[in-house]
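Undergrad: just to be clear, the model below is a prediction. Sequence and coordinates:
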Amino acid sequence: MIKKIDIESEEYQTELELTKQFTDKVVERFEFSYNPNDEVNESIQMGLTRNKMIYGKRYCPCFMVIGETKEEQKAADNRLCPCGPALKEEIPQKGNCHCGIFCTPEFAAQAAKEEELHDAIATHSRGLTKEECESLLTQREVNSTELESLLEARDLGFVKFNLVDTREWMEWVGQRIKGTDHLIPTTSFYQALERIDNEKDTPVVVYCLSGSRSAYCQRIMLDLGYKSVANLDYGISMYQGECESGEA
C-alpha cells in the first residue's frame, strides 16, 4: 500500500527542517560534503522525513523498510541514516553513499565538474527504428535522449514497455516523466510491484531522481524474473523531455 503524506502540512514541514538539521550535523561530524546536485539532497531529505513520520526513525529512503512492527524492523537490520555500509564501505571506497547525499569533498568536486559537462553536451536524437528500440530496451542503462525516443516510438506503436517511477508518492506528484505507467516506491517495492507481476515478459524502464534507487530496484526485478529492465542513467534530474505533475 502506498502511504501518502501531505508535504504542505505543518507537521511535515517541521519534521523536514529537523531532518535538514540532522543531515547538516552528519556532514559536519564526518567532514563530508553534500552532493553538488541539490535535487538529490532534497529528495533524500524528503525521504528521510517521510520514514521518520511513518516508522519513527530516519531509515534510508533508497531501500525498502522490512518489517511490520518496530521489533521486526529492528530485527531486519534496516539501514538507519547514516548507515554502517555507507560509513564503512561506500563512502571510503566509492566517494559517496548509495543514496548520493553524503560525499567526500573530492568526489563532490569531481561530480560538480561532470554535471556541468553533461549539461553542456546534452543533445537530442529522435526517430529510432523498431529494431533500435528493441535493442535499447535490452540494455542495462538508457539515457535521457534514448528514453525520449523510446516514448515517442511507443506512442507510434513501434514498441511496448512499462515506464516505472521508483521514487515516493510525494516526489511523483511533484514531478514525473510524462508517460510514466506505474509508481512503485522503493520503500514499499515488493507490495507495489504486484501490479505488474503478470507482465514480466514486457520490457521495463525504471527511474528515480539520480539513478541509484532505481538501480537497486532494477537488480531486484531481474532477480525476480523480469525479462529486461533498463535503468534511466542520472534519473529524472537529468531528463530533458516532457514532465508532468499532480495526481493522475
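TA: Right, received. Where do you want to start?

Undergrad: where does pLDDT dip in this structure?
TA: Along the chain, the model assigns pLDDT under 70 to residues 1-2, 115-127.

Undergrad: so what are the domain limits for it?
TA: 10-120, 130-244 (automatic domain parsing).

Undergrad: out of those domains, deepest packed?
TA: With neighbours taken as mean count of other Cβ atoms under 10 Å, the domains of the chain reach their highest mean count in domain 130-244, at a mean of 19. Where you see a C-beta, it was placed from the backbone N, CA and C, and this is true even at glycine.

Undergrad: follow-up on the earlier one: can I get the domains of the chain in JSON lines with distance to residue 3?
TA: What follows is the domains of the chain, written out as JSON lines (distance: least, Cβ to Cβ, whole Å):
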{"stretch": "domain 10-120", "distance to residue 3": "6"}
{"stretch": "domain 130-244", "distance to residue 3": "7"}
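
Undergrad: can you check which of those domains gets nearest to residue 4?
TA: Closest of the domains of the chain to residue 4 is domain 130-244, at 5.3 Å (criterion: Cβ to Cβ).

Undergrad: and the end-to-end length of the closest one?
TA: Start and end residues of domain 130-244 are separated by 26 Å (Cα to Cα, to the nearest Å).

Undergrad: can you give me the distance of residue 7 to residue 54?
TA: 13 Å (Cβ to Cβ, to the nearest Å).

Undergrad: for residue 189, same thing?
TA: In terms of Cβ to Cβ, residue 189 sits 15 Å off from residue 54.

Undergrad: past the longest helix anywhere in the chain, which element shows up next along the chain?
TA: Longest helix of the chain, by residue count under DSSP state H: helix 10-30. On the C-terminal side of helix 10-30, the nearest following helix or strand under DSSP states H and E is strand 33-34.

Undergrad: quick check: neighbours of that following strand in the sheet, parallel or antiparallel?
TA: Neighbouring strands of strand 33-34 in its sheet, by DSSP bridges, are strand 102-103 (antiparallel).

Undergrad: for residue 3, give its distance to residue 34.
TA: Taken as Cβ to Cβ, the span from residue 3 to residue 34 is 27 Å.

Undergrad: swap that for residue 144, sorry
TA: 24 Å.

Undergrad: leaving out sequence neighbours, find the closest residue to residue 59.
TA: residue 51 (4.4 Å; Cβ to Cβ, 6 or more residues apart in numbering).

Undergrad: I'd assumed the one you found was in a strand, is it?
TA: No: read with DSSP: H, G, I helix; E, B strand; the rest coil, residue 51 is helix and lies in no strand.

Undergrad: got the contact list for it?
TA: 57, 58, 59, 60, 61, 65, 187 (Cβ atoms under 8 Å, 6 or more residues apart in numbering).

Undergrad: from those, pick the one nearest residue 97.
TA: residue 60 (8.5 Å).

Undergrad: I'd say the closest one and residue 77 touch.
TA: No: Residue 60 is not in contact with residue 77 according to Cβ atoms under 8 Å; the separation is 11.6 Å.

Undergrad: separation between residue 198 and residue 226?
TA: 11 Å.

Undergrad: list the contacts for the closest residue to residue 15 other than its chain neighbours?
TA: In space, and not counting its chain neighbours, residue 15 is closest to residue 49: 5.0 Å by Cβ to Cβ, 6+ apart. Contacts for residue 49 (Cβ under 8 Å, 6+ apart) come out as 12, 15, 16, 18, 19, 58.
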